[in-house]
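S.K.: Just need the structure, nothing else, for what follows:
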Amino acid sequence: MIETGFLIPAFEEADELVFPEIVIPQRIGEVLGIYTDPKNIAHVLQAFGAREDADLHYKEDQLYKRLTVQEHVAFTKRLYGAKQSVADLLSILRLEHLCRERVKKLAYSDVKKLHFLKYYVSSRNVLVMEEPFQNVNHLTKQTLIQRLHEMKEKKIVVISNNLADLVSASTVVYRLDSKGLKLLDVKSDKEESLKSEEFTNEEFRVDKLPTKNDDKIILFNPPEIDYIESVEGEVIVYVSGNGFVCSLTLAELERRLIPLGFFRCHRSYIVNLQKVREIITWTRNSYSLSIDAETKTTVPLSRNKLPLLKKLVGI
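M.R.: Numbers count the residues shown, from 1 in each chain. Reported below is the predicted structural model:
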C-alpha cells in the first residue's frame, strides 16, 4: 500500500527537459529501485536531501580512516543510539574478522559496508542510496541486499544506472528518463519460464548474430557473446564488456541460441552458459549469475528459472 508519493520537480539542462515532474511512490518495507542515467541521480538526491526524514547514502561518503573498524562501529553506534552491541553490528556486516584493522587499510568492498552501517541503524524513515553496489564484490553485495530486506519499517530507494543490480536488490524497479518515471516489468517471468522449457529441445542453426553500431552492421559468432539484455523494448548484445543493439527480439534470440548453450535466465536476460562462473544467492528469492567476461558482471536469475538451470548444469 502506497503511504505517500514524493514529488520531485522537473529538471532542465541547457534549456532542454531532462525529465518532467515526477512522483516517486513510497511503501514501507519495499526496496524501490530507480534505473536512470548518472546525470539524473544528483538531481534526485538533491530533492530527497531537503527532507528531514531522509538519510542519504552518497557513493563517495567519507569515513574516519584513522579509526579501527571496531572503533568506527562503536562511534556510529553512539552517534545514532543503536540498540545492537558493537559485536552484533560487526557480525551483521560480516566485518568481525577485520575489527582491529584501520579503516584506511580496508578493501573497497569493506569500506562500503561501513558506509552502509549508519543507514542500517538510522532512526529516519526514508533511506535513499546512490549506487550502493557499484564496484563491490559478490559477498558484500549479498550482505547489503540481505540487510536492506531486513529493514521492514523503512521506505528505501536505491538509485543506480546498473539494471542488473536493481533487479537483484529491489522489490520493484522504475526507469527515469525524459518521458518521466515508468514501472519496469522485470519480475513477471513465470510465463517466460514455461516457454524456455518448450524451446530446450528444438534444433536451430546460427552462424552469425547481426547487431548494429551506429550505421554499421556487426556480425558476432554466438560463442563470443557474454549475455543479452532487453530494456524498454531494446535488445542489447554484450561482447567483451561492450553493448551492441540487435533488431531481433529476446524471444527470437532465445529460440535460435538455446541449442548453442544459451539460457533464458530472466524475463529480460539471456546468458551464454559457457561464460557463467557463479550462481549467487542474495536472498531466499533473489539470485544472480556471475559472468566470466572482461568486466565484472552479474545478471539476475529468476527464482523460477533456478530448477531448470540446475538440471542443465547437472547440480
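
S.K.: Identify, among the helices and strands of the protein, the element with the weakest mean pLDDT.
M.R.: In the chain, no helix or strand scores lower on mean pLDDT, DSSP states H and E than helix 190-199, which sits at a mean of 47.

S.K.: Could you give the average pLDDT over the next helix or strand after it?
M.R.: Sequence-wise, the next helix or strand downstream of helix 190-199 (DSSP states H and E) is strand 209-213. In this model, strand 209-213 carries a mean pLDDT of 81.

S.K.: Please apply the same query to stretch 117-134.
M.R.: Here the average pLDDT along stretch 117-134 is 90.

S.K.: Wait, residue 309 touches residue 265, no?
M.R.: Yes - with contacts counted by CB atoms under 8 Å, residue 309 reaches residue 265, the gap being 6.9 Å. C-beta here means a position set from N, CA and C on the backbone, and glycine is covered the same way.

S.K.: what about these two, which has more around it?
M.R.: In this view residue 309 and residue 265 are compared by other CB atoms under 10 Å, and residue 265 has more residues nearby, 26 against 21.

S.K.: Wasn't the more buried one part of a strand?
M.R.: Yes - Residue 265 sits within a strand when classified using DSSP: H, G, I helix; E, B strand; the rest coil.

S.K.: Next up, the contacts around it.
M.R.: 271, 289, 299, 300, 301, 302, 305, 309 (CB atoms under 8 Å, 6 or more residues apart in numbering).

S.K.: One more: residue 23?
M.R.: Going by CB under 8 Å, 6+ apart, residue 23 touches 5, 6, 7, 8, 181.

S.K.: So what pairs up with it in the strands?
M.R.: Taking DSSP bridges, one finds residue 7 as the beta-bridge partners of residue 23.

S.K.: Domain-wise, how is the chain divided?
M.R.: 4-183, 190-313 (automatic domain parsing).

S.K.: Lowest average pLDDT across the ones you listed?
M.R.: Mean pLDDT values for the domains of the chain show the minimum at domain 190-313, a mean of 81.

S.K.: From the chain's centroid, how far away is it?
M.R.: The gap between where domain 190-313 is centred and where its chain is centred comes out at 17 Å by CA atoms, centre = their mean, to the nearest Å.

S.K.: Then stretch 162-170?
M.R.: So, by CA atoms, centre = their mean, the centroid of stretch 162-170 is 2 Å from its chain's centroid.

S.K.: Pull the CA coordinates from the strand ranked longest in the chain and hand them back as PDB.
M.R.: The residue-count maximum for a strand in the chain (DSSP state E) belongs to strand 276-283. The C-alpha coordinates for strand 276-283 follow below in PDB (Å, rounded to 0.1, in the frame of the first residue of the first chain):
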ATOM      1  CA  VAL A 276      28.700 -18.300 -16.300                       C
ATOM      2  CA  ARG A 277      31.200 -18.500 -13.400                       C
ATOM      3  CA  GLU A 278      28.900 -18.500 -10.300                       C
ATOM      4  CA  ILE A 279      25.300 -18.800  -9.200                       C
ATOM      5  CA  ILE A 280      24.900 -16.200  -6.400                       C
ATOM      6  CA  THR A 281      22.200 -16.200  -3.800                       C
ATOM      7  CA  TRP A 282      21.300 -12.700  -2.500                       C
ATOM      8  CA  THR A 283      18.100 -13.600  -0.500                       C
END
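
S.K.: now the closest residue to residue 5 other than its chain neighbours: how far from residue 177?
M.R.: Excluding the flanking residues, the one nearest residue 5 by CB to CB, 6 or more residues apart in numbering is residue 23, at 4.1 Å. With the distance defined as CB to CB, to the nearest Å, residue 23 ends up 16 Å from residue 177.

S.K.: same thing with residue 5?
M.R.: Taken as CB to CB, the span from residue 5 to residue 177 is 19 Å.

S.K.: what about the two, which has more around it?
M.R.: residue 177 (15 against 11).

S.K.: quick one: residue 117 is in a helix?
M.R.: Yes - the assignment for residue 117 is a helix, going by three-state DSSP.

S.K.: right, and it touches residue 89 too?
M.R.: Yes - with contact defined as CB under 8 Å, residue 117 reaches residue 89; the gap is 6.7 Å.

S.K.: what is in contact with the two at once?
M.R.: 73, 76.

S.K.: Which neighbouring residues are in contact with the nearest residue to residue 238 once chain neighbours are set aside, exactly?
M.R.: Residue nearest to residue 238 in three dimensions, not counting chain neighbours: residue 226, with 4.7 Å by CB to CB, 6+ apart. With contacts defined as CB under 8 Å, 6+ apart, residue 226 is in contact with 238, 239, 240, 241, 271, 272, 275, 291, 293, 297.

S.K.: Pull up the gap between the fourth one and residue 43, please.
M.R.: This means residue 241. 28 Å.

S.K.: More neighbours: those two, which one.
M.R.: residue 43 (19 against 12).
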